[in-house]
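Chemist: Okay, structure incoming, though there's no sequence with it:
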């Protein structure tokens, strides 16, 4: 939040500086006399602001880029001799400014994708989701769900007949990167490792798209119901942290994951487009299916099943 306010303020100051240099003095009048130069500079500034607001380039670069554009424009208008203004502006400086701007945009995008691809500010996400009010409301709804985290729990034995989970890591939260705390497990059938699974604790906008549970079953062991059983073993861990609803997502077209959610009794919410800032989008996926697994309903079904399986012995008189 502090970074958001700081960088947002820097961007606002840059816009004010750029606007002031445009509209004060005779600079604006001179630009109007050089229409191609004027429109190209305005287009560059507007595009730069838009690209920065959508976080394809670092927002802190915005003032530098705008000041550079305006400075090059000033140089083209004030420093070039009058008898060669048209030639220098249109044949030399305008192409140089365009190429320099494109190079700077390319470098900024590369930098952002490498260093800050998970850093998404709340206000920017609102802009990206402005076209779909239902998704905005759903994300706000899940972000308001109760949970508690005062440290990782001492895990009980998580077993289901011959299937068991072995904790391999407890990953701390990284708020600046949008990562919540998580438990990581290997899945074993008897003594053989058949896959791995991860449970994320808490709610975050990124979780809406990626889900609370990541489960990967080794290819040789797929189709045997291990994913469903392993996910069910995570229920007491999530309930320990006060979580009542878990989001489970699957890539569009992944029918095996879709069937896992159905077998769990998870409720299908929607198919949604992935935002460009999400890691899953960068892996090449465009759409996700969103499911909700209500742990309260699951626990009630388990209790009913246990009661129904209890066989009452008839009383026998001796």
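Modeler: Right, received. Where do you want to start? Since the model is a prediction, treat every value here as computed from it, not as a measurement.
Chemist: Only C-alpha atoms from now on, for both contacts and neighbour counts.
Modeler: Noted.
Chemist: Can you give me the domain boundaries for this structure?
Modeler: According to automatic domain parsing, the chain comprises the domains 2-115, 124-307.
Chemist: hey, least reliable of those domains by pLDDT?
Modeler: For these, the weakest mean pLDDT is recorded on domain 2-115, namely a mean of 61.
Chemist: buried sites along the helix or strand residue 260 falls within?
Modeler: Residue 260 belongs to helix 255-264 when elements are defined using DSSP states H and E. Under the neighbour-count criterion of 16 or more other Cα atoms under 10 Å, helix 255-264 has 257-258, 260-261, 264 buried.
Chemist: which residues of the stretch 151-300 of the chain fall in strands?
Modeler: Listed in chain order, the strands of the stretch 151-300 of the chain (DSSP state E, counting those that start in this stretch) span 158-160, 163-171, 182-189, 192-200, 213-217, 245-251, 267-273, 287-294.
Chemist: how close does the residue lying closest to residue 271 once chain neighbours are set aside sit to residue 298?
Modeler: Nearest residue to residue 271, sequence neighbours excluded (Cα to Cα, 6 or more residues apart in numbering): residue 289, at 4.4 Å. Computed as Cα to Cα, to the nearest Å, the residue 289 to residue 298 distance reads 20 Å.
Chemist: More neighbours: these two, which one.
Modeler: The neighbour comparison of residue 289 against residue 298 (other Cα atoms under 10 Å) goes to residue 289, with 22 against 17.
Chemist: wait, the more buried one sits on residue 273?
Modeler: No. At 9.1 Å, residue 289 and residue 273 do not qualify as touching, with contact defined as Cα atoms under 8 Å.
Chemist: And the helices in the stretch 101-250 of the chain?
Modeler: In the stretch 101-250 of the chain, the helices defined using DSSP state H, counting those that start in this stretch lie at 122-128, 133-143, 205-210, 226-233, 235-240.
Chemist: taking those helices together, which one is wrapped up most tightly?
Modeler: Of those, the one with the most neighbours on average (mean count of other Cα atoms under 10 Å) is helix 205-210, at a mean of 22.
Chemist: Am I right that residue 204 is in contact with residue 181?
Modeler: No. Using Cα under 8 Å, residue 204 is not in contact with residue 181; the gap is 11.0 Å.
Chemist: any idea how far the residue lying closest to residue 205 once chain neighbours are set aside lies from residue 200?
Modeler: Excluding its sequence neighbours, the residue lying closest to residue 205 (Cα to Cα, 6+ apart) is residue 139, at 6.3 Å. Per Cα to Cα, residue 139 is found 16 Å from residue 200.
Chemist: what do you get for residue 188?
Modeler: Using Cα to Cα, we find residue 188 at a distance of 20 Å from residue 200.
Chemist: swap in residue 96?
Modeler: Counting by Cα to Cα, the gap from residue 96 to residue 200 is 49 Å.
Chemist: which other residues reach stretch 223-240?
Modeler: 153, 155, 158-160, 163-165, 187, 197, 199, 201, 213, 215-217, 244, 260-261, 263-264, 295 (Cα atoms under 8 Å, 6 or more residues apart in numbering).
Chemist: got the end-to-end distance for that stretch?
Modeler: Across stretch 223-240, the terminal residues are separated by 30 Å (Cα to Cα).
Chemist: and residue 166, what is it in contact with?
Modeler: Taking Cα under 8 Å, 6+ apart, we find residue 166 in contact with 158, 185-188.
Chemist: Quick check on those residues: which are buried?
Modeler: Judged by 16+ other Cα under 10 Å, buried ones among these: 158, 185-188.
Chemist: returning to that earlier point: are any of the contacts of stretch 223-240 buried, and if so which?
Modeler: Listed as buried from the contacts of stretch 223-240 are 158-159, 163-165, 187, 197, 199, 201, 213, 215-217, 244, 260-261, 264, 295; burial here means 16+ other Cα under 10 Å.
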